[in-house]
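Peer 1: 3D model of this:
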Amino acid sequence: MKHLSSASPIAFFAFLALVAAPARAALVPISPAGGETVALVPDAQKKVMDLPTLAERIALFREDREHGGKVIRHDPFWRKSRPFVLTWCATEGETGPWKLEIGKSPDLSDARVWYVGVKNVDPATGRETDQDIDGVGGERVSYTVPRANLEVARQYYWRVTGLGKPEEGQKKGPVVRSAVAAFATEDRAPRWIEIEGNVHNIRDFGGWRTTDGRRVRQGLAFRGQGLNYNSVTGETQGRNRLTVEDVKYFTRTLGIRTDLDLRGKGETVDMTESPLGSGVRFIERSSPAYRSIYHDHNKKTMAANVRVFCDEANYPIYFHCIGGADRTGSLAYVLLGALGVPQHDIETDWESTFYPNIPDDAHENEPDFWCRESHLTDGIGKYGEPGDTWQRRCQLYLLDCGITPEEFARLRDILLED
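Peer 2: Next up is the predicted model:
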């Protein structure tokens, strides 16, 4: 949310609440309401993820390339959630500014709040701007909620507050609140996270179903790009990528306690604390990716990273490299596998980092398209016996790295829903 002007709508609504009781609810939630299910994952991404085999997904992307990206790559919402739109009806001429509350509790005690149709100050220029809204002053109002970042397979509630028509002789009308409306989000991972700053490819580590029907908890671990740029000179750390509001979102809304940075010293140089501030534990550990995670000298590093997730005091955790793709993807791949997420979902989660720009690292001695993914699958496939599950193979790899059965138990207790 952008910085609000000194004429804060928060104070404005608080003042009105003191001088006037809410009027009859003439604001009517239209959509989503009545238990409606809201889809979050873009349709084009679903189309890819629904294909059961890697060969079929590769064929689809080759077809897409041959047709100039018109098969799937035209979808504008790659690596982000579908837009989340709230619509309500002002049946008796109610007007903004509007206050929107969205939460998981029916009484909205846990709600996040957006103020709409108010003057905002752009912190970079100092100029006042209006938030975009469709239908201001009309009966039907629709608003695309910025950075809603809703969890998957959850029940949500929302309501809107505005101003009714003023009584004769009054400058402002009474506060009017709608009834609370309910909706659900689709049971479909991944949960993409958007922020204001130039940090992308952020998603919740959780939301995935395991082979035994449990779910990886949401809101405990997040993966994405680096929170600051890599060092340019090799002498000083790179520029911050976050806005002030982003830091608040990470530390207050998501509650991040640990920043696990998988980059090397050449990238971070003199960093001693997280861009999220001194209140967040900063762990910097140069980490491997792809086939190098199976090298003996890198197994201790993998074990050390996994142990961060075995300690409940570290949560919630944000883990990343610079792009949130290779080192981050390799760690996420192994962790999801050890928790029991099906191999298909682990693969499509890794692949979703790169949609729609699919990496093709083919060389003469590695002719296979998408060979980096094969580095992960081939390495894990060498563990275990014929007939062993993918979860068993991932666990055997981590046992080889030094993770103990007791640590596996803690990992599952923390990261899997009951």
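Peer 1: Nearest spatial neighbour of E273, chain-adjacent residues omitted?
Peer 2: Residue nearest to E273 in three dimensions, not counting chain neighbours: F282, with 5.1 Å by C-beta to C-beta, 6 or more residues apart in numbering. The C-beta positions use only the backbone N, C-alpha and C, and glycine is treated the same way.
Peer 1: close enough to count as contact, that neighbour and D261?
Peer 2: Yes: with contact defined as C-beta atoms under 8 Å, F282 reaches D261; the gap is 6.9 Å.
Peer 1: who's more crowded, those two?
Peer 2: The neighbour comparison of F282 against D261 (other C-beta atoms under 10 Å) goes to D261, with 25 against 17.
Peer 1: Not counting stretch 284-295 itself, show me its contacts.
Peer 2: Identification of contacts with stretch 284-295 by C-beta atoms under 8 Å, 6 or more residues apart in numbering yields 260-265, 268, 271, 298-299, 301-302, 304-305, 321, 326-327, 329-331, 334, 372, 375-376, 378-379, 382, 397.
Peer 1: For that stretch, which residues meet the burial criterion?
Peer 2: E284, S286, S287, P288, A289, Y290, R291, I293, Y294 (16 or more other C-beta atoms under 10 Å).
Peer 1: And stretch 307-327, by the same measure?
Peer 2: 307-310, 314-327.
Peer 1: Please name the nearest non-neighbouring residue to the residue most central in space within the chain.
Peer 2: Nearest residue to the geometric centre of the chain (C-alpha atoms, centre = their mean): I193, 2.4 Å. Sequence neighbours aside, I202 is the residue nearest to I193 in space, at 4.1 Å (criterion: C-beta to C-beta, 6+ apart).
Peer 1: tell me the contacts of the residue nearest to E273?
Peer 2: D259, D261, M271, T272, E273, S274.
Peer 1: and the residue nearest to the fourth one when sequence neighbours are not counted, what helix or strand is that in?
Peer 2: This means T272. Spatial nearest neighbour of T272, chain neighbours left out: F282 (7.2 Å); criterion: C-beta to C-beta, 6+ apart. Secondary structure from DSSP states H and E places F282 in strand 281-284.
Peer 1: In this structure D326 contacts L376, no?
Peer 2: No: applying C-beta under 8 Å, one finds D326 not in contact with L376, separated by 10.4 Å.
Peer 1: follow-up on the earlier one: counting neighbours, what do you get for the residue nearest to I193?
Peer 2: Per other C-beta under 10 Å, the neighbour tally for I202 reads 21.
Peer 1: Thought T328 was touching it, still the case?
Peer 2: No: counting by C-beta under 8 Å, I202 stays clear of T328, with 10.5 Å between them.
Peer 1: before we move on, the earlier item: just the contacts of F282: which are in strands?
Peer 2: Counted as lying in strands by DSSP state E, out of the contacts of F282, are D259, D261.
Peer 1: end-to-end on stretch 372-390?
Peer 2: Start to finish, the residues bounding stretch 372-390 are 18 Å apart (C-alpha to C-alpha, to the nearest Å).
Peer 1: so I380 sits in a helix?
Peer 2: Yes: the assignment for I380 is a helix, going by DSSP: H, G, I helix; E, B strand; the rest coil.
Peer 1: beta partners of the residue nearest to T272?
Peer 2: D259 (DSSP bridges).
Peer 1: ok, it to E66 distance?
Peer 2: 46 Å (C-beta to C-beta, to the nearest Å).
Peer 1: Output the lowest mean pLDDT helix or strand found in this structure.
Peer 2: Of all helical and strand segments in the chain, the minimum by mean pLDDT, DSSP states H and E falls on helix 9-19, at a mean of 45.
Peer 1: Dump whatever helix or strand comes next after that helix to PDB, restricted to CA.
Peer 2: Per DSSP H and E, helix 9-19 leads on to strand 27-31 as the next helix or strand towards the C-terminus. The C-alpha trace of strand 27-31 is given here as PDB (Å, rounded to 0.1, in the frame of the first residue of the first chain):
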ATOM      1  CA  LEU A  27     -23.500  -1.400   0.800                       C
ATOM      2  CA  VAL A  28     -23.900  -4.900  -0.600                       C
ATOM      3  CA  PRO A  29     -20.900  -7.200  -1.400                       C
ATOM      4  CA  ILE A  30     -21.400  -8.700  -4.900                       C
ATOM      5  CA  SER A  31     -18.200 -10.700  -5.600                       C
END
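Peer 1: Direction included, what does strand 27-31 pair against?
Peer 2: Looking at strand 27-31 with DSSP bridges, its paired strands and their directions are strand 85-90 (antiparallel).
Peer 1: List the buried residues of the partner strand.
Peer 2: For strand 85-90, the neighbour count (16+ other C-beta under 10 Å) marks L86, T87, W88, C89, A90 as buried.
Peer 1: out of the residues you listed, which one sits closest to E235?
Peer 2: Nearest to E235 among the buried residues of strand 85-90 is L86, at 48.3 Å by C-beta to C-beta.
Peer 1: Now find how far off-centre stretch 269-280 is within its chain.
Peer 2: 21 Å (C-alpha atoms, centre = their mean, to the nearest Å).
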